[in-house]
Each structure stands twice: as C-alpha cells, then as structure tokens.
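Chemist: show me how the following folds:
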Amino acid sequence: MGPDFESHNLDEIQEFIAETYASIRFTTRSQDQNYFRTKRNPLGPISLDRLDYSFEADYAVEPLGRIALFGVESGSFPHVETGGVQDSHGVGEVFLAAQPDRPYSGCERRARFSLTLLDPALLSQVATTAPGRTDTPVRLTGYRPVSPGAGQHLLRTITFLRDHVIPAPAFRDAPLITSTAPQLLAATVLATFPNTALLDPTIEDRHDAHPATLRRAMAFIDNHAHRDISVSDIAAAVHVTIRTLQYAFRRHRGTTPMGYLRQVRLHHAHQELLVTDPTTGATVTEIAARWGFFHPGRFAHYYRHTYGQPPTRTLLRDFR
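Modeler: Below you'll find the model as predicted:
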C-alpha cells in the first residue's frame, strides 16, 4: 500500500498537514528539495500514522486537540518545545509532542517517525471513576516515558496494531477489535507516561468491594460479553468506581474485570469452535477476532492453557 500523500512542494505539504492534523508553519533551508510523505492508519478513535520528512526544518504547530505521540525511527528532533519545556529526541525514543490544548514548536532533521493520535477521553475511559463520583479528565503529566523499557513496550504495541491489526480485514472489521484495540493502546500509554490517574483503592472503595458487587459485575459481563464494553461500563453498571471494581475482582477472584471478561469471551469462542464446520472456510483467526482476540498467538496461548489443546484441534476435531 502506497502513501496517502506525498509532495515536494512546501505549500502543499503545509496545506495537507493543516487539513489532516493542525495548522503548521515550516521554515526550511531549501525550497526545492522538500520531500514529504505519510501513510495514515485510522482505527476508531485512534490513528497510527507514519510520516517521513526528507528535509530539515523548523516548525510551529497549533494545538492538535488530540494526544500526539512521536516514535522516532530515523533522523532526529534536536529541539522540541511546549509549555515552557524544552527537550530533544533521537532514534528509538517515543515522546509526547504536547498537551492536546497547547501548541508546540521545534526542529526536525530528516525525521521519519510514527505519529500516534488518540482521543484524550480514551485515557479517562480506561482509568477514571464511574459516573456519580468525582470525574476529572486524566492527563499525561510528562513528555517522556517513565522508563526506557516502558517506551519500548509502547512502541512495540503501536507497531503491532499498525502492521498486523489494522491491515487485516478480519481484525479491522470486527466490532470488538475496534473497541479493544484503542483501549489497549490507551492502557499502554497510561502505563508508559506519568499521568493524573488514581488507580489505588481508597477506604471507600475497599468497603464497597464486597461479594455482592462482584456478583453484579460478573452478571453484567456474562450478559454483555458480545458487546463493546469497557471497565468503566462495568463499573457504571454496578454503581461503583473502577478502583472498587478492580479491588473486588482481585480480592475475591484473583483476577481483573477485563481478565474475567477475557475468560467469558474465551468460553464463547470455544463453544463456537465446537459447533463450526471448518469445511465452510471458517478459521480460528476469524472466530477469535469475533470475540475480541486480535492476536492469534495470544489467543492460542490462552486457549491451550484453559482447554489443554490448541484451538485448531478443536475446530478440526471431526474432520481429519
């Protein structure tokens, strides 16, 4: 698949970036050697794009309105400035370009990089409390990862989603994939960058994490496993905070709400494998994707651990 846009004309490049991302102003040393190309990879509320500048330029960008993460593949950003913070970044690093509501500026030196965009509300969806409690939008509070290892894990997650999930119709067109993949990315971002999310249970959360809360949550998950539900949806359904919900599952079942949801969906995938005729062309990958498992290797691992055999053996049980 070719690029979505490429040009040698600086005015065209600036116009494309303004229409696609945000208003930008370039200052370059050459007006006739400016080559730029980009490939966009949208998936619901996220986009995993790749941009390639073959020239050196200073730039100033207006607020994007979205969280923008740069993953440097080649070249460099020797100067980046936003909100009074100055930094520099090289190959192999990932960084937050700016807060969604703030402009940023700097210079790039023939940079090729991944540009990961996500709706700030995704962070709150993954990490904040349920309706009825104090609900402050979650924000990232640092521009660099909490550790180099965390940054590398985020880059691997971005690469996997961009190169293996989005290009595959069986994954991209599955409703559960279009919901769980952005949530996976948001959760990984929260684990990578310092942020304002409060994840430890309070005294009130511990008091509310009784068995009745767990039973209501499990019933909700059992009845809605085929739908796009998040941990915040489950918490809201049983009228507790996300921290209460997480503590209840950890205390009484030794797992997490999403871990239990995975078990339920795994059970449904197992039942579908048992009744599916493989001569119709059905595959394990397609069935797994329908139940929110967009990584075939991980699905096979979970399945073998639970049912003692690979999923292909279940599908082909009577047809060998």
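
Chemist: break the chain into its domains for me.
Modeler: Split into domains by automatic domain parsing, the chain comes to 5-119, 261-315.

Chemist: and residue 8, how many neighbours does it have?
Modeler: 14 (other C-beta atoms under 10 Å). Heads up, the C-betas are built off the backbone N, CA and C, glycines and all.

Chemist: cool, residue 271 as well?
Modeler: By the other C-beta under 10 Å criterion, the neighbourhood of residue 271 contains 12 residues.

Chemist: quick one on the thing from earlier: in JSON lines, list the domains of the chain along with distance to residue 205 and mean pLDDT.
Modeler: Listed next are the domains of the chain as JSON lines, based on distance: least, C-beta to C-beta, whole Å; pLDDT from 0 to 100:
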{"stretch": "domain 5-119", "distance to residue 205": "27", "mean pLDDT": "91"}
{"stretch": "domain 261-315", "distance to residue 205": "20", "mean pLDDT": "91"}
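
Chemist: please list all residues in contact with residue 178.
Modeler: Neighbour list for residue 178: 43-44, 172, 228 [criterion: C-beta atoms under 8 Å, 6 or more residues apart in numbering].

Chemist: returning to that earlier point: nearest to residue 189, out of the domains of the chain?
Modeler: Residue 189 lies closest to domain 5-119 among the domains of the chain, at 7.1 Å (C-beta to C-beta).

Chemist: on that earlier part again, now the two most distant members of the contacts of residue 178.
Modeler: 172 and 228 (14.7 Å).

Chemist: more crowded one of these two?
Modeler: Comparing residue 172 with residue 228 by neighbour count (other C-beta under 10 Å), the higher total belongs to residue 172, at 18 against 15.

Chemist: how about the more buried one, phi and psi?
Modeler: For residue 172, the backbone dihedrals are phi -60, psi -30 (criterion: degrees, to the nearest 10).

Chemist: if you skip the residues just before and after it, what's nearest to it?
Modeler: Of all residues not flanking residue 172 in the chain, residue 166 sits nearest, at 5.6 Å (C-beta to C-beta, 6 or more residues apart in numbering).
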